[in-house]
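Chemist: give me the fold of what follows.
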Amino acid sequence: MQEIQQLIREIEVYCRRSAMAESTFGRQAINDGKFVSRLRKGKGVTIKTVDRVRSYIRQNPADTTLPSDSSALTPALNGKTSVSSQESAISQRPFRFYDNRQKYLAFITTCNEKSTIARRCGKELPHLQPQPPAMRIFDAGMGDATLLTVLMRDMHRRFKTVPFLVVAKEISLEDVRLGLEKMPDRFVEHPATVLVVTNLHYAQAPKLMPGDVQGAGALNWQEIPLEGDCAHSYGEQIEALAPILSDGWRTRTSPKSGNPLYVRPSVLVIYRQDHGFLLDSVIPQPGNFQGQYDMVIASQPWRARKGADFKAQKILAPLTRSLAPGGRLLATQSCGEDPGLEIIQSIWPGENPFTVNRHDLIAALKEVLGPEVRDYNFNALSDARSRLKYTMHTLPSEISENIGTSTLFAAWNAAIYVNQIEDDRLEEAMADGSYLQATRGVLNQHGGLWFNNETFVISRRR
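Modeler: Numbers count the residues shown, from 1 in each chain. Have a look, this model is predicted:
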């Protein structure tokens, strides 16, 4: 499926630049006018057909003098008279890399980054000394909650009788849905759990409250006590939250940055009803929550190309200030120097999005904190202790002279995702098959694909 989606993307780019209808492309490329529509319906395709399609694209280059914006193409494109002004505005809005769902979902299912970071977070747990009424964890980017669920299992192993308050920030509706799907088992294994999900900004999310009066008045606070005592029952009740999520997690696009912004600030609080009495002092209440945490997880919370000052002021400083005495913040970011970056540099020589290292971030954070610095310890760790290596899942038989196209596509997707290559740059690079040849060469050279992250720890003094 991933390979088919990639092929469809290449055809769309070619047709847009050539002002050609997709049915015309299918007839000219492989004598099948319904080829592209069948691909979208999930019809399989042979490697021979893929080669014929790409050969046609190489031998008949698109007219690059045509505008790439589909709103400016001729009326014949796809049989449509024109695109709407709304679609045109969307196509020209600033691009935000992490909104690309296909790349993200393919990456997290083919690479083990999330579980690798979760294991690293687990090493911080022995240093924590939670105080009543609960152990408090803040995840600064829940994503699909793979990392969070693995960590929560480790937390239960170490603190079986301690109530948990887990607060997760996430603005993506689909990620919230995927994350909540993983939670029924957590409520069964550790009944004394309060899970909170919010779409608030980094400066607001730890305290679960917007910073202005107008935002506080519009706050959408939903408290959901789960009935029953089994995962199946909890799963059904969580699934029934779809209308609440669709309303609370609506977004609009920032005209300045292209980032999604919430339409309405929302907080969702979930716990087991049969443990409501026990958790009364743990369940947060609107306007009466201090937002101090024993552990904060900041896993890839920023775009790599942003400057150190922005990352420190907008993200790291609010998260650092949310630490309780003795609390620890573990930050993780990509750092390159791996086969994934080699793939990218074979297409774009000299490309390196990882120019801000952990030392730069800590220095910038200290500058932002000012006199507050005395309250915290900053540990950049040695290179050996800081580095986290994670890999793309492959079978030994898959890395050979004849690497399958699905493996190549998965590796290419992981490389462009981690290195945050925008779509407008990908269009030109993927006009021929050289990117797959480069990917094959790196995989054969290293016997697989892996990536490097670096970590650092900030702790608040007791």
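Chemist: just say helix, strand or coil for the residue positioned nearest the centre of the chain.
Modeler: In the chain, the C-alpha nearest the mean C-alpha coordinate belongs to residue 143, at 5.3 Å (Cα atoms, centre = their mean). The local conformation at residue 143, judged by DSSP: H, G, I helix; E, B strand; the rest coil, is coil.
Chemist: show the pLDDT at it.
Modeler: Each residue has a pLDDT score; the one for residue 143 is 92.
Chemist: now do the same contact list for it.
Modeler: Neighbouring residues of residue 143 by Cβ atoms under 8 Å, 6 or more residues apart in numbering: 104, 108, 114, 170, 172, 175, 179. C-betas here are computed from N, CA, C, even on glycine.
Chemist: any low-confidence regions in the stretch 1-150 of the chain?
Modeler: Counting by pLDDT under 70, the stretch 1-150 of the chain has low-confidence residues at 1-3, 62-100.
Chemist: count of neighbours near residue 297?
Modeler: Per other Cβ atoms under 10 Å, the neighbour tally for residue 297 reads 27.
Chemist: wait, it touches residue 140, no?
Modeler: Yes - Residue 297 lies in contact with residue 140 (Cβ atoms under 8 Å); the separation is 6.2 Å.
Chemist: thinking again about what came up before, now the contacts of residue 143: which count as buried?
Modeler: Buried by 16 or more other Cβ atoms under 10 Å: 104, 108, 114, 170, 172, 175, 179, out of the contacts of residue 143.
Chemist: from the contact counts, what lies against the biggest helix by length in the chain?
Modeler: Longest among the helix segments of the chain by residue count, using DSSP state H, is helix 2-18. Secondary-structure packing of helix 2-18 (3 or more Cβ pairs under 8 Å, 6 or more residues apart in numbering; DSSP states H and E): helix 22-30, helix 35-40, helix 47-59, helix 101-110, helix 405-418.
Chemist: separation between the closest residue to residue 284 other than its chain neighbours and residue 335?
Modeler: What sits nearest to residue 284 in space, not counting adjacent residues and going by Cβ to Cβ, 6 or more residues apart in numbering, is residue 208, at 5.8 Å. Separation of residue 208 from residue 335 (Cβ to Cβ, to the nearest Å): 32 Å.
Chemist: neighbour count winner among these two?
Modeler: residue 208 (24 against 21).
Chemist: my guess is the residue nearest to residue 284 contacts residue 266. True?
Modeler: No - look at residue 208 against residue 266 with Cβ under 8 Å: they stay out of range, at 10.1 Å.
Chemist: now the common contact residues for these two.
Modeler: Common neighbours of residue 208 and residue 266 (Cβ under 8 Å, 6+ apart) are 198, 200.
Chemist: residue boundaries of the strands in the stretch 151-300 of the chain?
Modeler: 164-169, 193-198, 220-226, 251-253, 260-262, 266-272, 293-299 (DSSP state E, counting those that start in this stretch).
Chemist: output the ones you listed in JSON lines, with distance to residue 422 appended to each entry.
Modeler: Output for the strands of the stretch 151-300 of the chain, formatted as JSON lines (distance: least, Cβ to Cβ, whole Å):
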{"stretch": "strand 164-169", "distance to residue 422": "24"}
{"stretch": "strand 193-198", "distance to residue 422": "28"}
{"stretch": "strand 220-226", "distance to residue 422": "33"}
{"stretch": "strand 251-253", "distance to residue 422": "16"}
{"stretch": "strand 260-262", "distance to residue 422": "16"}
{"stretch": "strand 266-272", "distance to residue 422": "29"}
{"stretch": "strand 293-299", "distance to residue 422": "22"}
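Chemist: output the ones you listed as a markdown table; include the columns mean pLDDT.
Modeler: A markdown table is the format used below for the strands of the stretch 151-300 of the chain (pLDDT from 0 to 100):
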| stretch | mean pLDDT |
| --- | --- |
| strand 164-169 | 98 |
| strand 193-198 | 98 |
| strand 220-226 | 97 |
| strand 251-253 | 86 |
| strand 260-262 | 89 |
| strand 266-272 | 98 |
| strand 293-299 | 98 |
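Chemist: out of the ones you listed, which comes closest to residue 456?
Modeler: If you check each of the strands of the stretch 151-300 of the chain against residue 456 by Cβ to Cβ, strand 293-299 wins as the nearest, at 9.7 Å.
Chemist: tell me what that closest one is packed against?
Modeler: Applying 3+ Cβ pairs under 8 Å, 6+ apart, we find strand 293-299 packed against helix 113-122, strand 135-139, helix 146-158, helix 317-321, strand 323-334.
Chemist: which residues touch residue 136?
Modeler: 130, 165, 167, 292, 293, 294, 295, 324.
Chemist: wait, residue 22 sits on residue 36?
Modeler: Yes - with contact defined as Cβ under 8 Å, residue 22 reaches residue 36; the gap is 4.2 Å.
Chemist: give me the common contacts of the two.
Modeler: Common neighbours of residue 22 and residue 36 (Cβ under 8 Å, 6+ apart) are residue 11.
Chemist: what's around residue 252, how many residues?
Modeler: Neighbour number of residue 252 under other Cβ under 10 Å is 9.
Chemist: swap in residue 349?
Modeler: Residue crowding around residue 349 was assessed by other Cβ under 10 Å; the count is 7.
Chemist: can you check the pLDDT for it?
Modeler: 94.
Chemist: ok, the one 10 residues further on next?
Modeler: You'll see residue 359 listed with a pLDDT of 97.
Chemist: run a quick check on it versus residue 380, I expect a contact.
Modeler: Yes - at 5.6 Å, residue 359 and residue 380 qualify as touching, with contact defined as Cβ under 8 Å.
Chemist: looking at the two, which is more packed in?
Modeler: residue 380 (18 against 13).
Chemist: I'd say that one and residue 365 touch.
Modeler: No - counting by Cβ under 8 Å, residue 380 does not reach residue 365; the two are 11.1 Å apart.
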